[in-house]
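please find the sequence and the predicted model below.
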Amino acid sequence: MAGKARLSRIRNIGIAAHIDAGKTTVTERILFYTGKSYKMGEVHDGEAVMDWMPQEQERGITITSAVTTCLWANHEIHLIDTPGHVDFTIEVERCLRVLDGAVVVFCAVGGVEPQSETVWRQADRYGVPKVAFINKMDRIGADYWGTIQQMAKRFDSVPLPIQIPLGSQDSFKGIIDLIRMQALTWDESTKGLSYQYEDIPEHILPEAIEHREKMISLLSDLDDEIAEKYLEGTQIGDKEINLAIRKAAISLKVVPVLCGAALKNKGVQPLLDAVVHYLPSPEDIPPVKGINPTTKQEEFRLSSEKEHLAALAFKIMQDEGRKLTYLRLYSGRISSGDELYNANRRKREKIARILKMHANKRERIESAQAGDIVAVMGLKDVMTGDTICSETNPILLEPIDFYEPVISMAVEAKTPADQEKLIAALSKLMDEDPTLRVKYDDETTQTVISGMGELHLEIITDRLLREFNTRINIGKPKVVHRETIQKRVESEGVFDRELAEKRQFGNVRLLLEPLKRGGGVEIIRHLDENTLFTEEMLSAIEEGIKEGLQSGAVAGYPVIDIRVIMTGGVVREGDTTAVACRIAAATALRDGVRKADPVLLDPVMRVDVITPAEYTGEVIGDINARKGEIQEISPKGSISEIKAKVPLKAMFGYSTDLRSATQGRAVFTMQFLSYDKVG
């Protein structure tokens, strides 16, 4: 594959879904059918190639995104299998940031589940074209058209079925291809390696003709050439249909929908064809844009190896103590031994090795170019979201957004030697995971780790014990609170001292007002013209206010949902300094918060429960007992989806309680929603 031709035959795709929709099983089949692996790994046996961490194999879930490259129909597919559990949403977020297309897997029984909705919205935010694969068509309760209806209702996009199932549930045999108008069945004795096209059975032909007609009609609304032939009644060829679907999918007007049963080895090869036919190559995506850090002007980079280098470090991983940096190359090329420039840190870095990854195995390569996703060794100071470019033509790409942690836990080293190990291990884990925060508490001599949920912290502590051999005691998880004020107050802070034989004087007046929930923090300058503060002093006052907001009056948590207005102060010529103004502002802020009826805010979570319908009453009763607020109950045949708002402190141990209340048949996801006062 040379130059332009090679670029047009690359697909950078991610496989994403709700937990248990069969995403990793789909990925394992893709690896098997493309010849990348010679044995199908099964998630339930703990043998999935892409779930290579011991923590993933034991729990049967994906925790970290794994990257691999495989070949199909003379195309190079760079594939990322992303986690489905909400605690690891950041893994999905950073992968979607660097991918050109996504395959979203849905469970034909569960339909559009909460995490698949989250993933879909993340993909929309980054403008990522999608192909949908409705999996588990062989399961009791499978509903292809019901799932498509939910997609149309829930998402701001148009599902375009290009296949219909041949049989359903126990009798699911294969698929009907609406483009070729043929039936496709798989030979189970060859693990689905051999499959054949045949005539559509008589009993389903009228249904196939009807759905093909609907598909062409929908395409004719989006494509002039198809519309012309459709109105004239002229025959439309497969090639033209595929081209029209590709254009519509890349411009986010439709989402091609396919179906199958990955565990029974049915439907995966047409899915690979759909990836090649309908998802974009690096050439099809708009040029990547960023800011030149020197000129502050917006610049673009075309997807070409002849352009100046622009790459994004989207993931850091520790591999036997060495740092692996995953890069998406948008333009230019890199070779082993090259000296590169980190535009965020303004540092030069040297590449020691370039690796093509296959989960946790690798293949050493000498160079990589635009369109590639590779791992490199030797970059010491690079962090997730940093831009790698050439020093002579620098560019800063848009960074990756991270989430704030909502739950914390104390960890304590058993011996001084373990304390050293713990500090080093946590530093490495923070490099890998931007949603992990670590704080050392001087008073309790404990190290407090904060993360996205109970499972997140459980995995972190498990890795500290196993991977880093750190002997630790673990405290109970604790909720991370915020504080706010409930009334409007005026406050004044004065600092008047002699420091280093010089008088330091600061006098600042503030007005504090509560904002509605989710209002954040507003700092406003509202000073009359006679106030003599210099710009340096005003900046110092703002710094003092921000400093004071870090520690509230109730329990020392950060203060939010507050407006702080600078109303005035006294400037004493010769004595007033920026440092004194900063201290006076922090004092005024803290005194004001104390007088303004401060209150503790709890993190409130959005909880989505999917339960067999007969347990709906028990689930709702349990949520009410936890002071939760039911927001929506959606029956979906034999199951119900319940959406609720629940304080995080009431959710500890919920998974165990839910399992016992529903005989282990309900699943739930939990996501941070807001901070609020909980009675």
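Nice, thanks for sending it over. Numbers count the residues shown, from 1 in each chain.

for stretch 324-334, the averaged confidence score.
The pLDDT scores in stretch 324-334 average 90.

let's see that stretch as CSV, backbone CA atoms only.
Extracted as CSV, the C-alpha positions of stretch 324-334 are listed here (Å, rounded to 0.1, in the frame of the first residue of the first chain):
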residue,chain,number,x,y,z
LEU,A,324,4.4,3.1,26.4
THR,A,325,2.8,6.1,24.6
TYR,A,326,0.0,5.5,22.2
LEU,A,327,0.0,8.0,19.3
ARG,A,328,-2.5,8.8,16.6
LEU,A,329,-0.6,10.3,13.6
TYR,A,330,-2.8,12.8,11.8
SER,A,331,-0.1,14.1,9.5
GLY,A,332,3.6,13.7,8.7
ARG,A,333,5.7,10.6,9.6
ILE,A,334,8.0,9.5,12.5
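
off-centre distance for that stretch?
Averaging C-alpha positions (CA atoms, centre = their mean, to the nearest Å) puts stretch 324-334 20 Å from its chain's average.

stretch 164-174 too?
Centre to centre, stretch against its chain (CA atoms, centre = their mean), the figure for stretch 164-174 is 33 Å.

now do that stretch, average pLDDT.
90.

lowest-pLDDT helix or strand in this structure?
Ranking every helix and strand in the chain by mean pLDDT, DSSP states H and E puts helix 54-59 at the bottom, with a mean of 43.

after that one comes which helix or strand?
strand 66-72 (DSSP states H and E).

what distance separates that next one from the centre of its chain?
That offset, for strand 66-72, works out to 20 Å (CA atoms, centre = their mean).

direction included, what does the helix or strand following it pair against?
Using DSSP H and E, the helix or strand that directly follows strand 66-72 along the chain is strand 75-81. Partners of strand 75-81 in the sheet, by DSSP bridges, are strand 10-17 (parallel), strand 66-72 (antiparallel).

and Glu629, which of these is closest to it?
strand 10-17 (28.0 Å; CB to CB). Where C-beta positions appear, they are placed from N, C-alpha and C, glycine not excepted.

ok, then the element right after that closest one?
With DSSP H and E, the next secondary element past strand 10-17 is helix 23-33.

what helices or strands is that following helix leaning on?
Other helices and strands packing on helix 23-33, by 3 or more CB pairs under 8 Å, 6 or more residues apart in numbering; DSSP states H and E, are strand 10-17, strand 66-72, strand 75-81, strand 101-107, strand 130-135, helix 268-278.

any buried residues in the helix or strand following the shortest one, and which?
Scanning forward in sequence from strand 130-135 by DSSP H and E, the next helix or strand is helix 144-154. Across helix 144-154, burial judged by 16 or more other CB atoms under 10 Å covers 144, 146-148, 150-151.

could you give the mean pLDDT of stretch 106-116?
Rounded mean pLDDT across stretch 106-116 is 82.

and what of stretch 16-26?
Per-residue scores along stretch 16-26 average to 75.

helix or strand for the residue most central in space within the chain, which one?
Per CA atoms, centre = their mean, the C-alpha nearest to the average position across the chain is that of Glu93, at 2.3 Å. Assigned by DSSP H and E, Glu93 falls within helix 89-98.

other residues contacting stretch 237-247?
Contact partners of stretch 237-247, identified using CB atoms under 8 Å, 6 or more residues apart in numbering, comprise 160, 162, 179-180, 215-216, 219, 222-223, 225-226, 229, 254, 256, 277-278.

same thing but at 6 Å, please
Residues outside stretch 237-247 that contact it (CB atoms under 6 Å, 6 or more residues apart in numbering) are 179, 219, 223, 226, 256, 277-278.

stretch 168-188 too?
137-138, 140, 142, 162-164, 166-167, 192, 194-195, 197-198, 200, 208, 211-212, 215, 238, 241, 261, 265-267.

output it in CSV with nothing but the alpha carbons.
The C-alpha coordinates for stretch 168-188 follow below in CSV (Å, rounded to 0.1, in the frame of the first residue of the first chain):
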residue,chain,number,x,y,z
SER,A,168,-35.0,-15.2,15.0
GLN,A,169,-34.1,-16.5,18.5
ASP,A,170,-33.6,-20.3,18.4
SER,A,171,-34.3,-20.4,14.6
PHE,A,172,-31.8,-17.6,13.7
LYS,A,173,-30.0,-19.0,10.6
GLY,A,174,-28.3,-16.0,9.0
ILE,A,175,-29.1,-12.7,7.3
ILE,A,176,-30.7,-11.3,4.2
ASP,A,177,-28.5,-8.8,2.4
LEU,A,178,-30.8,-6.0,1.2
ILE,A,179,-28.2,-4.6,-1.2
ARG,A,180,-27.3,-7.9,-3.0
MET,A,181,-30.8,-9.3,-2.3
GLN,A,182,-29.4,-12.7,-1.3
ALA,A,183,-29.5,-14.8,1.9
LEU,A,184,-26.3,-15.5,3.7
THR,A,185,-25.8,-18.5,6.0
TRP,A,186,-22.8,-19.8,7.9
ASP,A,187,-21.4,-23.3,8.2
GLU,A,188,-21.2,-24.0,11.9
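
which parts of that stretch are buried?
168-169, 172-179, 183-184, 186.

again with stretch 512-522
512-514.

which one of those is nearest Ala578?
Closest to Ala578, out of all of the buried residues of stretch 512-522 and judged by CB to CB, is Leu512, at 22.2 Å.

ok but that closest one is inside a helix, no?
No: read with DSSP: H, G, I helix; E, B strand; the rest coil, Leu512 is strand and lies in no helix.

ok, now how distant is it from Glu188?
According to CB to CB, to the nearest Å, Leu512 stands 70 Å off from Glu188.

same deal with Leu673?
Distance from Leu673 to Glu188, by CB to CB: 46 Å.

that older thread, and the pLDDT at the residue nearest to the centre of the chain?
70.

contact partners for it?
Contacts of Glu93 (CB under 6 Å, 6+ apart): Gln122.

Glu391 now?
Counted by CB under 6 Å, 6+ apart, Glu391 has contacts Tyr341.

please, which helix or strand holds it?
Using DSSP H and E, no helix or strand contains Glu391.

for Asp462, same thing?
helix 454-466.

buried stuff in that helix?
Buried residues in helix 454-466, counted by 16+ other CB under 10 Å: 454-460, 463-464.

can you name the element that comes right after it?
strand 472-479.

avg pLDDT for that following strand?
81.

helices or strands up against it?
Where contact means 3 or more CB pairs under 6 Å, 6 or more residues apart in numbering; DSSP states H and E, strand 472-479 is packed against strand 407-413, helix 454-466.

tell me the mean pLDDT for the last one?
Looking back up the chat, that one is helix 454-466. On average, helix 454-466 scores 82.

what are the ranges of the strands in the stretch 201-350 of the chain?
Using DSSP state E, counting those that start in this stretch, the strands of the stretch 201-350 of the chain run over 254-259, 288-291, 298-301, 310-319, 322-331, 333-335, 339-342, 347-350.

among the ones you listed, which is nearest Val619?
It's strand 254-259; of the strands of the stretch 201-350 of the chain, that one is closest to Val619 (CB to CB) at 29.5 Å.

quick one on the thing from earlier: would you turn the buried residues of helix 144-154 into a markdown table with distance to Arg353?
Shown next, in a markdown table, are those (distance: CB to CB, whole Å):
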| residue | distance to Arg353 |
| --- | --- |
| Tyr144 | 46 |
| Gly146 | 49 |
| Thr147 | 44 |
| Ile148 | 46 |
| Gln150 | 46 |
| Met151 | 43 |
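
quick check: bridge partners of the nearest residue to Ile388 once chain neighbours are set aside?
Ranked by CB to CB, 6 or more residues apart in numbering and with sequence neighbours excluded, the top spatial neighbour of Ile388 is Ala311, at 4.3 Å. Applying DSSP bridges to Ala311 gives these bridge partners: Leu329, Ile388.
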